[in-house]
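Enquirer: With the sequence up front, the predicted model follows.
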Amino acid sequence: MPVPESVRVWEIVGDQGIDALHSNRRTGYQPQAGQVLVKVQATSLNFRDLSTILDPAARALTYPRVPNSDCAGEIVAAGPRVSHVAPGDRVAGCFFQSWKDGGISAAAMASALGGPLDGVLGEYALLAESGVVHVPEHLTFAQAACLPCAGVTAWNCLMRVGDVQAGDTVLLLGTGGVSITALQFAVAQGARVIITSAHDAKLKRAAALGAWQTVNYRSTPQWDAAVLKMTGGKGVDFVLEVGGAGTLPRSLNAVRVGGRIALIGVLTRGEIDPTVIMRKSIRVQGVYVGSRSMFEDMNRFITAHELRPVIDRHFAFDDAREAYHCMRSAEHFGKLVIDV
Ligand SMILES: NC(=O)c1ccc[n+]([C@@H]2O[C@H](COP(=O)([O-])OP(=O)(O)OC[C@H]3O[C@@H](n4cnc5c(N)ncnc54)[C@H](OP(=O)(O)O)[C@@H]3O)[C@@H](O)[C@H]2O)c1
């Protein structure tokens, strides 16, 4: 397929928020050595994409910048010295274009899509050959587009940091993209999941996906006490902490002595007393998404268990702004997807 002369993208052009997202046409999509051109079929939203649009200065963004880290589509052209993928392959982009395996590095962090690098909210994306993975065959492009950030983060937290095993008890907070993906992984792994939400209707949906126990953190503000009760006073083995400073004190209370917490979120503000971390010998680990190698491990698990990401709503490419407003309202359960 010939490389398109120009490609439609959405751009962040300043700090005026969602309604100032700008639709533009860009040129220069000829893949260079080691690059592939992906016809984007779907892109999913993460809370991080919303916060980047709302507060670009906090991430030292330069303008114009294409938002969004997550996409799936088909390779339509390859540059010189591309050998592991080829036109026709169904792929998803990796959140970090240059974190292949091993531990995270500053260089890997500088290769995040939709932040330091232009993202994927466009008709096409130029990606590194080593920055894409083949997607599980049973997934649609929209489902595969849910994996690069929320999926890999949930996988890294549960399987690497948490080392969650069958029979472990896992606490998940809220019913957004990361938590619902983690629910699916944890249930498939044989863990018992306790999940919280501000909405009973969402908790019913989580129970239908296999959650063992549910707590409404709005009607039960002391949800940590409820979690302790559910576990016979012992506490959970692992917490995937998406809330941040405002929820961490209760997560520290709800985890067992010697338990593990993966800390990823910035949704809430609050004060933290670190004493309990020492007293209970809790292992708290910060996580920033994950590597391509983790993405590939996760895809094997998704294939083996025939898992499908939960998509709450689809939006048309022209309605991208509406998709971010929807995420901001926090009414969604699981993922929001823009079909391109
Ligand atoms: N470090 C990383 O690598 C990484 C990767 C991905 C995400 N994150 C972070 O993880 C967080 C979640 O991301 P996401 O993309 O999954 O977001 P999302 O899809 O927008 O989900 C957010 C959900 O969190 C829940 N929530 C909000 N306030 C809460 C509170 N006080 N207690 C418990 N739950 C609360 C709400 O669920 P209910 O409506 O059910 O209450 C809300 O819908 C964000 O802070 C994001 O920046 C970090």
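Expert: Thanks, I have it. Numbering: from 1, shown residues only.
Enquirer: ok, residue 208 to residue 312 distance?
Expert: According to Cβ to Cβ, to the nearest Å, residue 208 stands 14 Å off from residue 312. Glycine gets a C-beta too; all of them are placed from N, C-alpha and C.
Enquirer: Looking only at neighbour counts, state which of the two leads.
Expert: Neighbours were counted for residue 208 and for residue 312 using other Cβ atoms under 10 Å; residue 312 has more, 19 against 8.
Enquirer: For that one, give me its contacts.
Expert: Residues in contact with residue 312, defined by Cβ atoms under 8 Å, 6 or more residues apart in numbering, are 332, 333, 334, 335, 336.
Enquirer: Which secondary structure state is assigned to residue 327?
Expert: At residue 327 the chain is in helix, as set by DSSP: H, G, I helix; E, B strand; the rest coil.
Enquirer: My read is that residue 190 contacts residue 169, right?
Expert: No: using Cβ atoms under 8 Å, residue 190 makes no contact with residue 169, being 11.3 Å away.
Enquirer: Comparing these two, which residue is more hemmed in?
Expert: Taking other Cβ under 10 Å, residue 190 and residue 169 do not tie; residue 169 has more neighbours (25 against 11).
Enquirer: In contact with that one, which residues?
Expert: So residue 169 contacts 191, 192, 193, 194, 212, 231, 236, 237, 238 (Cβ under 8 Å, 6+ apart).
Enquirer: So which of these are in helices?
Expert: Among those, no member falls in helices (DSSP state H).
Enquirer: Taking those residues, tell me the two that lie furthest apart.
Expert: 212 and 238 (13.5 Å; Cβ to Cβ).
Enquirer: Looking at the two, which has the bigger crowd around it?
Expert: More crowded of residue 212 and residue 238, by other Cβ under 10 Å: residue 238, with 27 against 15.
Enquirer: that older thread, of the contacts of residue 169, just say which sits nearest to the ligand.
Expert: Set against the ligand, the nearest of the contacts of residue 169 by Cβ to the nearest ligand atom is residue 194 (12.3 Å).
Enquirer: For that closest one, the count of nearby residues, please.
Expert: The number of residues near residue 194, taken as other Cβ under 10 Å, comes to 23.
Enquirer: didn't it look like it was pressed against residue 217?
Expert: No: using Cβ under 8 Å, residue 194 makes no contact with residue 217, being 11.4 Å away.
Enquirer: By neighbour count, which of the contacts of residue 312 wins?
Expert: Counting neighbours by other Cβ under 10 Å, the top entry in the contacts of residue 312 is residue 335, with 28 neighbours.
Enquirer: Tell me what that residue is bridged to.
Expert: Beta-bridge partners of residue 335, counted by DSSP bridges, are residue 311.
Enquirer: Against residue 239, how distant is it?
Expert: For residue 335 relative to residue 239 (Cβ to Cβ), the value is 21 Å.
Enquirer: follow-up on the earlier one: most widely separated two among the contacts of residue 312?
Expert: 333 and 336 (9.9 Å).
Enquirer: which residues does the closest residue to the ligand within the stretch 151-300 of the chain contact?
Expert: Per Cβ to the nearest ligand atom, residue 176 is where the stretch 151-300 of the chain lies closest to the ligand, at 1.7 Å. Shown in contact with residue 176 (Cβ under 8 Å, 6+ apart): 47, 242, 330, 332, 334.
Enquirer: in this structure, which spans are helices?
Expert: 47-54, 106-109, 141-144, 152-155, 177-189, 200-208, 223-230, 248-254, 275-279, 292-304, 320-329.
Enquirer: contact partners of the last one?
Expert: Residues external to helix 320-329 that are found in contact with it (Cβ under 8 Å, 6+ apart): 10, 18-19, 21, 45, 47, 49-50, 53-54, 121, 313, 315, 332, 336, 338.
Enquirer: Now narrow those residues to whatever sits close to the ligand.
Expert: Counting by Cβ under 6 Å from any ligand atom, the subset of the contacts of helix 320-329 that neighbours the ligand consists of residue 47.
Enquirer: and the stretch 1-150 of the chain, which residues reach the ligand?
Expert: 46, 47, 48, 149, 150.
Enquirer: Quick check, residue 310 in contact with residue 335.
Expert: Yes: in terms of Cβ under 8 Å, residue 310 counts as a neighbour of residue 335; the distance is 6.4 Å.
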